[in-house]
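> task: produce atomic coordinates for the following.
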Amino acid sequence: MHPFLRRLAVLPLLAAAGAADAQSSPPPPDCRAPEHRQFDFWLGEWEVPAPGNQPMGHSRIESILEGCVILENWSGGSGYSGKSFNLYNRDTGHWEQFWVDTTGSRLHLVGGWAEGKMVLSGRQDKPNAKTGLTQHERITWTPNADGTVRQLWETSNDDGKTWIVSFDGLYRRPAATP
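Okay, here's the model as predicted:
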């Protein structure tokens with residue numbers, strides 16, 4: 001018998017085993033608890049202007065995977081783009097973000113909701129070329145009363161002793177077109 005046909009013959013057996021597992025194991029917990037909804041203020045379509053009100057980028061933030069993950073789709077005016085996957089990790093009790101972009105970089109941040117803001121922080125994988133120290137990143141998202149969201153990204157090149165602003169953006173809903 002051809003190897004492909006042999007694999008096809010096994011599929012009904014695998015499906016039956018999966019159905020038996022589904023009947024015997026409880027359903028996975030859902031993501032409707034309040035802690036899973038703390039970042040929902042960021043959901044939607046956003047324009048992020050540069051200083052002088054010139055367009056800098058666009059971001060579409062959406063809820064995926066049964067509401068368990070928030071997906072960010074960022075596209076900048078210069079062709080740079082990236083995505084982040086954000087989730088409340090019920091095992092650790094913290095929020096996490098996994099950022100990936102068109103430069104091949106990735107960043108893992110951890111944190112949570114505090115004092116009306118989402119604050120996540122992490123470290124770059126390799127030391128800063130100038131200082132030899134690991135670069136730390138901290139991003140704070142603040143929902144504003146007018147419906148905008150401020151994203152403040154700060155970087156430390158001295159192990160968190162001092163911080164400089166890397167990005168300070170105001171996420172605004174796109175203007176409705178008539």
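> switch to C-alpha atoms for all contacts and neighbour counts from now on
OK.
> would you map the helices across this structure?
Assigned by DSSP state H, the helices in the chain fall at 3-24.
> point out where it drops to low pLDDT.
For the chain, the stretches with pLDDT under 70 are 1-23, 27-28, 176-178.
> how are the strands of it distributed by residue range?
Ranges of strands in the chain, per DSSP state E, are 44-49, 55-64, 69-76, 81-89, 94-101, 106-114, 117-127, 134-143, 149-156, 164-171.
> CSV for those, including distance to P34 and mean neighbour count?
CSV is the format used below for the strands of the chain (distance: least, Cα to Cα, whole Å; neighbours: other Cα atoms under 10 Å):
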stretch, distance to P34, mean neighbour count
strand 44-49, 19, 19
strand 55-64, 15, 18
strand 69-76, 14, 20
strand 81-89, 10, 20
strand 94-101, 13, 18
strand 106-114, 11, 17
strand 117-127, 14, 17
strand 134-143, 17, 21
strand 149-156, 20, 20
strand 164-171, 23, 16
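> so which of the ones you listed is nearest P29?
Ranking those by proximity to P29 (Cα to Cα) places strand 81-89 first, at 12.0 Å.
> if we can go back for a sec, got the strands of the chain as TSV, with distance to H36 columns?
TSV is the format used below for the strands of the chain (distance: least, Cα to Cα, whole Å):
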stretch	distance to H36
strand 44-49	17
strand 55-64	11
strand 69-76	9
strand 81-89	6
strand 94-101	9
strand 106-114	11
strand 117-127	12
strand 134-143	16
strand 149-156	18
strand 164-171	21
